[in-house]
Every structure is written in C-alpha cells, then in structure tokens.
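Participant: Just need the structure, nothing else, for what follows:
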Amino acid sequence: MKMISFSYGCLADKIEDQAISQGFTLGKDAKKYERCREALITLKFGIDVPESIYERLIRRLHDRVVKHLNPISQKVVKQRRKKRQYDER
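Facilitator: Have a look, this model is predicted:
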C-alpha cells in the first residue's frame with residue numbers, strides 16, 4: 001500500500017495538486033474539497049475555534065479526500081509536473 005500525505009494549512013498547495021504529485025486525482029470533487037479546506041482555514045484564523053475541534057474537522061476532511069482518490073497513470077503525472085514547473089517560471 002502506498003503512503004499518501006496531504007497538508008491542509010494556509011500555505012499548502014491545493015489538494016488536487018498534492019494528489020497529482022502522488023499519482024492520484026480527485027476529479028470532479030477537487031473543487032469541493034478545496035473549498036472545505038479554505039473554510040477550515042477561515043474557522044481556524046477567523047473565528048478561533050478550539051484546536052480539538054479543528055483537528056477533528058481536518059481528520060474528517062482527510063478521510064474523505066483519501067476515500068475519493070483515483071489513481072492516474074505515471075504519464076499524466078509527468079505531464080502535469082512539467083506544466084506546473086513551466087507555470088511557476
């Protein structure tokens with residue numbers, strides 16, 4: 001089984017970009033989970049929810065993200081990495 005890790009903080013890359021770099025995609029669900037991540041960041045810094053609640057919500061988001069991952073071919077991964085490197089220049 002492949003080890004998968006995601007960062008959900010405010011400085012982290014988009015969830016879909018992180019998934020692609022690991023050989024997966026969220027497909028049509030990518031925008032939904034990205035909006036959830038942004039909402040959690042707003043909760044943490046805007047409303048100042050307790051850390052225990054924030055961690056529980058992050059865990060839920062992570063479980064759902066991992067559940068909806070779909071593998072993609074290595075050829076697609078390489079193409080998207082090249083495009084991303086080109087876009088960063």
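
Participant: quick one: contacts for the most centrally placed residue in the chain?
Facilitator: With distances taken as C-alpha atoms, centre = their mean, residue 15 lies nearest the centre of the chain, 1.9 Å away. By C-beta atoms under 8 Å, 6 or more residues apart in numbering, the contact list for residue 15 reads 6, 8, 26, 30, 33-34, 37, 65. Quick note: C-beta positions are derived from backbone N, CA and C, even for glycine.

Participant: Select the longest helix from this protein.
Facilitator: Identified as the longest helix of the chain according to DSSP state H is helix 51-67.

Participant: for the chain, what spans make up the strands?
Facilitator: 24-25, 70-71 (DSSP state E).

Participant: Can you say which of those strands is packed in most?
Facilitator: strand 24-25 (a mean of 20; mean count of other C-beta atoms under 10 Å).

Participant: Derive a ChimeraX selection command for the buried subset of the contacts of residue 15.
Facilitator: This is how ChimeraX selects the buried members of these, with burial counted by 16 or more other C-beta atoms under 10 Å:
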select :6,8,26,30,33,37,65
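
Participant: So which residues of this structure form helices?
Facilitator: According to DSSP H, the helices that the chain contains are 15-21, 30-42, 51-67, 74-88.

Participant: can you count the residues close to the nearest residue to residue 30 once chain neighbours are set aside?
Facilitator: Excluding its sequence neighbours, the residue lying closest to residue 30 (C-beta to C-beta, 6 or more residues apart in numbering) is residue 16, at 4.0 Å. If you count neighbours by other C-beta atoms under 10 Å, residue 16 ends up with 19.

Participant: Okay, now the unreliable bits of this protein?
Facilitator: Where the chain drops to pLDDT under 70, the residues are 1, 74-78, 80-81, 83-89.

Participant: go with 90
Facilitator: 1-4, 20-23, 43-49, 72-89 (pLDDT under 90).

Participant: wait, what's in contact with residue 8?
Facilitator: With C-beta under 8 Å, 6+ apart, residue 8 has these contacts: 15, 37, 40-41, 58, 61-62.

Participant: The residues you listed: which two are farthest apart?
Facilitator: Within the contacts of residue 8, 41 and 62 form the most distant pair, 14.3 Å apart (C-beta to C-beta).

Participant: That's all I had, so thanks and see you.
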